[in-house]
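Student: dropping a prediction and its sequence here:
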Amino acid sequence: MTSPSTWTVKTKLLLALALCQTLALLTALGCGDDDGNTPGPGDPTEAPVLSDDETEYMQALATELATVNEQLENLDQFRSDAFSAGANPSSAVSYGAAYVAYETARRDGIIALTSPDSLSTLHAALLASAEDNVAFANTQQQRLGESPPATEQQYQSLFFELDGSTITQRFRDACGDLQARASAAGLDVDLACLR
């Protein structure tokens, strides 16, 4: 039979162990933020901060893309005119050349930028997708010269046949990754990724 003093010692040891476990659990959960709120699962983490080099790169990229995107409105009108009145080989080839010029200018603008090391992977993905768009534009120009579409619908069929939607979406995705990085840090830039 356990003596009363042994029972008291064991009880105190168990209580001390329980207290230690409770303190360890509270420490693991954190002591709360400045407002006394205890963070829980799914709470947002602290927003990332961009370095000066990263901010400068993002702003330069936004300016570069905005400058190139100024061509888009005329390019859209050019396409509409080229494929609205029956097959017109001259207009089709001219549109193809204008599309190549647009994609080339966008790629060259990205090449001209030097990204900080921290953004080099995102920059490389953007540049690779821009290169793919230039290759697509050149292939499209060749096909437009061989068999010019007579309607906008025929042009769209050619665009999808050449996988244009997938290739342009790759650029949007790569651009969107950079935009998300800038936005998460609270930087007010618009890369116009959906253009």
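Tutor: Everything's here; your move. What you see is a predicted model; the values in this text were computed from it and never measured.
Student: what residues does stretch 154-173 touch?
Tutor: 79, 82-83, 126, 129-130, 132-133, 136, 139-140, 143-144, 149, 193-194 (Cβ atoms under 8 Å, 6 or more residues apart in numbering). C-betas here are computed from N, CA, C, even on glycine.
Student: what stretches of this structure score poorly on pLDDT?
Tutor: Applying pLDDT under 70 to the chain flags residues 1-47.
Student: which parts of it are helices?
Tutor: 4-29, 52-69, 72-82, 89-111, 120-146, 152-161, 164-184 (DSSP state H).
Student: C-alpha coordinates for stretch 130-141, PDB please?
Tutor: Provided in PDB are the C-alpha atoms of stretch 130-141 (Å, rounded to 0.1, in the frame of the first residue of the first chain):
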ATOM      1  CA  ALA A 130       7.700  36.100 -74.900                       C
ATOM      2  CA  GLU A 131      10.100  34.100 -77.100                       C
ATOM      3  CA  ASP A 132       7.400  31.500 -77.700                       C
ATOM      4  CA  ASN A 133       5.100  34.200 -78.700                       C
ATOM      5  CA  VAL A 134       7.600  35.600 -81.300                       C
ATOM      6  CA  ALA A 135       8.000  32.100 -82.700                       C
ATOM      7  CA  PHE A 136       4.200  31.700 -82.900                       C
ATOM      8  CA  ALA A 137       3.800  35.100 -84.600                       C
ATOM      9  CA  ASN A 138       6.400  34.100 -87.300                       C
ATOM     10  CA  THR A 139       4.700  30.800 -87.900                       C
ATOM     11  CA  GLN A 140       1.300  32.600 -88.100                       C
ATOM     12  CA  GLN A 141       2.700  35.100 -90.600                       C
END
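Student: and it, how far out from the chain's middle?
Tutor: 20 Å (Cα atoms, centre = their mean, to the nearest Å).
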